[in-house]
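Enquirer: no sequence for this one, just the structure:
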């Protein structure tokens, strides 16, 4: 089992910044990928950014050049630095961990989610 605990959400004015943190505990592997997703009211959950164990990143087009994802493997923590925030960034932000467990021939995918943290951007 893996537990993910997010922090750092809150209310911010448009143009402001916030940093989200997510710390993983439990059966973590160094090869696990981590990421951030978000879900606005009435909309589907969408990818914000992901980062592999080696540090390769991927961003949604809507947040490129504004958000930066990073991780500290020594602390099992992933961060999302959000800048130039817009009202349309308002959502519940969820931390995600993906990996594989078990022997190579019988490995299974794992997929864990945090409880979510609210980010509200006022205009």
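Expert: Perfect, I can see it now. Bear in mind the structure is a predicted one, so any value in this text is a computation, not a measurement.
Enquirer: what's the burial count for residue 83?
Expert: Residue 83 is flanked by 14 other residues according to other C-beta atoms under 10 Å. For glycine as for every other residue, the C-beta is placed from the backbone atoms N, C-alpha and C.
Enquirer: list the contacts of it.
Expert: Applying C-beta atoms under 8 Å, 6 or more residues apart in numbering to residue 83 gives the contacts 17, 66, 67, 68.
Enquirer: could you dump the residues you listed into CSV and include secondary structure, pLDDT and distance to residue 42?
Expert: Below are the contacts of residue 83 laid out as CSV (DSSP: H, G, I helix; E, B strand; the rest coil; pLDDT from 0 to 100; distance: C-beta to C-beta, whole Å):
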residue, secondary structure, pLDDT, distance to residue 42
17, coil, 98, 26
66, coil, 98, 23
67, strand, 98, 22
68, strand, 98, 28
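Enquirer: can you pick the most crowded of those residues?
Expert: residue 67 (23 neighbours).
Enquirer: for it, name its beta-bridge partners.
Expert: residue 82 (DSSP bridges).
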